[in-house]
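Undergrad: Mind folding the following:
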Amino acid sequence: MSALRHRILVIDDEPQIHRFLGPALDAAGYEALRADSGQEGLRGIALWSPDAVVLDLGLPDMDGKDVLEKARAFYEGPILILSARDREVEKIAALDRGANDYVEKPFGVGELLARLRVALRQSAAPRRPAGPLSFGEIVIDLDRRLVTKAGEAVKLSPKEFELLARLALSPGKVLTHKELLISVWGAAHAEDTQYLRVFVGQLRQKLEDDPTRPGLILTEPGMGYRLQAVAS
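TA: Residues are numbered from 1 along each chain as shown. All right, here's what the predicted structure looks like:
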């Protein structure tokens, strides 16, 4: 049943917020995911495709409004701001940059959950599929972090797996270089397209029948890559 639950990513550097909010989300029927910094949060959004994000503005590595703006370049799901900043100008700035709602700290969990339910009803955020994903002979088990080809395990590095998983969560969809780089290596590497090209080449060597003529991981020139959807 857990695979059917909405996945909520909480981006906050306060451990007590996670200790309090994680169990509250779980009790309300959600699956709580955690990130403790802005860059970790951006990677989590891109990799996990959460159904909604709860974002603090006061993060240790970057301002939450910058996280919000970067996330909106590739994420369409609801983002709720959770912050101790109560000035009207902060709220307006966050909403203008794409936040769906703004909840002030200290907050009541009942109010936060109600606002989250509203945001989820209004959203068409992508859902993480249940079970392994199949692309012809390639099977990707996201929960077990296992990849097989024709029934044989394929050994991937952690970064190779994250890159493949991100592509597999949006089959047939072109994912931009920046989106993939942020999801796997963080916002600081958003322009390192050569780095991405190297890892795509490594995946093709391990997964494609003919790496020189890829049929699984396709290049969209000047844009990014997409995982070819194949009926299983």
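
Undergrad: switch to C-alpha atoms for all contacts and neighbour counts from now on
TA: Fine.

Undergrad: Where does pLDDT dip in the protein?
TA: Low-confidence segments of the chain (pLDDT under 70): 1-4, 86, 124-130, 229-232.

Undergrad: For stretch 92-106, output the C-alpha coordinates as PDB.
TA: This file holds the C-alpha atoms of stretch 92-106, laid out as PDB (Å, rounded to 0.1, in the frame of the first residue of the first chain):
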ATOM      1  CA  ILE A  92       4.600  37.900  -1.800                       C
ATOM      2  CA  ALA A  93       8.100  37.200  -3.100                       C
ATOM      3  CA  ALA A  94       7.700  33.400  -2.500                       C
ATOM      4  CA  LEU A  95       4.200  33.300  -4.100                       C
ATOM      5  CA  ASP A  96       5.500  35.300  -7.100                       C
ATOM      6  CA  ARG A  97       8.300  32.800  -7.600                       C
ATOM      7  CA  GLY A  98       5.800  29.900  -7.800                       C
ATOM      8  CA  ALA A  99       4.900  28.800  -4.300                       C
ATOM      9  CA  ASN A 100       1.400  27.400  -3.900                       C
ATOM     10  CA  ASP A 101       0.900  28.500  -0.300                       C
ATOM     11  CA  TYR A 102       2.800  29.900   2.700                       C
ATOM     12  CA  VAL A 103       2.600  28.700   6.300                       C
ATOM     13  CA  GLU A 104       4.300  30.500   9.100                       C
ATOM     14  CA  LYS A 105       6.300  29.000  11.900                       C
ATOM     15  CA  PRO A 106       5.300  28.100  14.600                       C
END
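
Undergrad: Which segments of the protein make up each domain?
TA: What automatic domain parsing lists as the domains of the chain is 2-122, 133-227.

Undergrad: Let me have these in a markdown table, adding mean neighbour count as columns.
TA: What follows is the domains of the chain, written out as a markdown table (neighbours: other Cα atoms under 10 Å):
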| stretch | mean neighbour count |
| --- | --- |
| domain 2-122 | 18 |
| domain 133-227 | 17 |
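
Undergrad: This structure: helices as residue ranges?
TA: Assigned by DSSP state H, the helices in the chain fall at 15-27, 38-48, 64-71, 88-96, 109-122, 158-168, 177-185, 193-207.

Undergrad: So what touches the fourth one?
TA: Counting by Cα atoms under 8 Å, 6 or more residues apart in numbering, helix 88-96 makes contact with 65, 68, 81, 101, 102, all of which sit outside it.

Undergrad: who's the fourth one bridged to?
TA: So that's residue 101. Beta-bridge partners for residue 101, by DSSP bridges, are residue 80.

Undergrad: Would you mind listing the residues in contact with residue 22?
TA: The contact partners of residue 22, taken as Cα under 8 Å, 6+ apart, are 32, 33.
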